[in-house]
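Asks: quick one, fold the following:
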Amino acid sequence: MADFELLARQLIQRWKEDPNATYQSWFLWDERIKNFRSIRRGLAQVVAEIEAGRFGVAYRGSSLETVVHSVAEQRQIFKGADHAFLWKPKLRIPDIYENPANQRAFGRLLDHCACCDTAEEIIAGIHTIDRLNIKGLGPAVANLLYFLHPTLVPPFNTAIVNGYNKLTGGKVKLGSWQHFLAMRSGVLDLNEQFRDLLSNDLGAIGGLLFDIGSGRYPAPPRDEGDQAAGSWAARLEQARTEAQSLNKALQKQGESDRTHSEIQAWLRDIGHALGYDVWIAANDRGRLHDGVRLGEGCLECLPESISTSTGADAIRLIDVLWLERASDRVAAAFEVEHSTSIYSGIVRMLDLALSGSELHATAGLFLVAPDARESEVRAQLARPAFSRIADLEIAYLPYGELERHKEAISRFGSGLKAIKAISRALP
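Replies: You can find the predicted model right below:
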């Protein structure tokens, strides 16, 4: 009789090696971690607006749409995450827009889970919202809770549920908090069983279940004998062959990452040429561009006044910072938004500008993006969630302008005058 655990380990190892599966393409993706803080901050704003009675009665244009849109851009595993929150007028679901009591209950759930530290407290909050029977407000909310507590709450969607049922033989149903909690318990057991191959972060096992549930990988047979195991092994090998045919998508993703690194390298080199100390985002320092680490010749650590300031965790993830030589004054901050959500970059800029001191009050703040994304950048900044942006004087710096003028700026530029000249005021 084939051993299920042995087969499952074979599956997980093969899955981790697949560059197109969620483990490498999403779980190990640098932007995944960078977006955690921005999503958490966005949820805090949703709570604040609900408590103040300023949230409104519509999903479109709300702070909730902004943060859920950012979640939905977390590559394939969260694609469609906003569907559960879209207002369906004929069904009047989810009933958190026009019903003030339900809206406040939703806000209390987010606030409670953001403030608690234990699984018991989170589960108590879920039971509280479940007892209210708010129409249309089900376990899809777990996708928001995952970003608050990634080691305690697994992500949740149709493919993940299907993957869990296929792997365990369970019968979890969508739309039920009780079924979600049962699945959560089973996911934790699986994660413990295969912890040496997975992670404390439940996003890893969530990605595995997603790829099983979406049909990318076959679940191993549990009790069907050696013949079933042989058939399964053949299907697993077929999945490997199919993965190789998907390399075009991987190459496109890799090109996106390389372009992001290329722009960071341009800004690094310009900053050095203009006489600034340069900081490269902490999680990008080791990435290579033209065979050279992005962090080569850059600051190894931020000045203490910055590293201990409010929002320091987000500031250290800003793509590029220029600092006055041998000082703690940030002269300019750049967020490169090649293809990911502009929302997270804006939030990191806010963290820098509002870091609780005057250190960064005069810093130039730049969103660097492809020329074709200007309208998207402006549309994002027009959202009510970013009403304070106008006070920060953030500018849009198009790739094209930067590429055309980078050599001249490096040779003849002084301070921020030339960079500002090729940038466009926002919003």
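
Asks: could you use CA atoms for every contact and neighbour count after this?
Replies: OK.

Asks: all strands of the chain, in order?
Replies: Along the chain, the segments classed as strands by DSSP state E run 277-280, 288-289, 292-293, 320-323, 330-336, 364-369, 395-398, 424-425.

Asks: give me the contact list for the longest one.
Replies: I take that to be strand 330-336. When contacts are defined by Cα atoms under 8 Å, 6 or more residues apart in numbering, strand 330-336 is touched by residues 260, 263-264, 318-324, 345-346, 349, 359-360, 362-369, 416.

Asks: buried among the residues you listed? Make that a PyMOL selection.
Replies: This is the PyMOL syntax for the buried subset of the contacts of strand 330-336, where burial follows 16 or more other Cα atoms under 10 Å:
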select buried, resi 260+263+264+318+319+320+321+322+323+345+346+349+359+360+363+364+365+366+367+368+369
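
Asks: residues touching residue 97, list them.
Replies: Residue 97 touches 56, 57, 58, 59, 103, counting by Cα under 8 Å, 6+ apart.

Asks: among these, which ones are buried?
Replies: Burial by neighbour count, 16+ other Cα under 10 Å: within the contacts of residue 97 this picks out 56, 59, 103.

Asks: want to try JSON lines for the residues you listed, with pLDDT and distance to residue 330 as columns?
Replies: Shown next, in JSON lines, are these (pLDDT from 0 to 100; distance: Cα to Cα, whole Å):
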{"residue": "56", "pLDDT": "88", "distance to residue 330": "37"}
{"residue": "59", "pLDDT": "87", "distance to residue 330": "37"}
{"residue": "103", "pLDDT": "96", "distance to residue 330": "40"}
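
Asks: list just the nearest of the residues you listed to residue 271.
Replies: residue 59 (41.4 Å; Cα to Cα).

Asks: thinking again about what came up before, as CSV, the strands of the chain with distance to residue 109 and mean pLDDT would be great.
Replies: Below are the strands of the chain laid out as CSV (distance: least, Cα to Cα, whole Å; pLDDT from 0 to 100):
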stretch, distance to residue 109, mean pLDDT
strand 277-280, 36, 96
strand 288-289, 42, 82
strand 292-293, 43, 89
strand 320-323, 36, 94
strand 330-336, 32, 91
strand 364-369, 33, 89
strand 395-398, 36, 90
strand 424-425, 38, 88
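
Asks: any chance of those strands in CSV, plus distance to residue 111?
Replies: Converted to CSV, the strands of the chain look like this (distance: least, Cα to Cα, whole Å):
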stretch, distance to residue 111
strand 277-280, 33
strand 288-289, 40
strand 292-293, 40
strand 320-323, 32
strand 330-336, 29
strand 364-369, 30
strand 395-398, 33
strand 424-425, 35
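
Asks: quick one: closest of the ones you listed to residue 41.
Replies: strand 330-336 (17.4 Å).

Asks: measure stretch 51-69 end to end?
Replies: 22 Å (Cα to Cα, to the nearest Å).

Asks: wait, stretch 77-94
Replies: End-to-end distance for stretch 77-94, by Cα to Cα: 22 Å.

Asks: quick one: buried residues of it?
Replies: So for stretch 77-94, counting by 16+ other Cα under 10 Å, buried means 77, 78, 81, 82, 84, 85, 87, 93, 94.

Asks: how much space separates the nearest residue in space to the second one that is not next to it in sequence from residue 276?
Replies: Spatial nearest neighbour of residue 78, chain neighbours left out: residue 72 (4.9 Å); criterion: Cα to Cα, 6 or more residues apart in numbering. When Cα to Cα is applied, the distance between residue 72 and residue 276 equals 37 Å.

Asks: could you check the pLDDT of residue 148?
Replies: Residue 148 carries a pLDDT value of 95.
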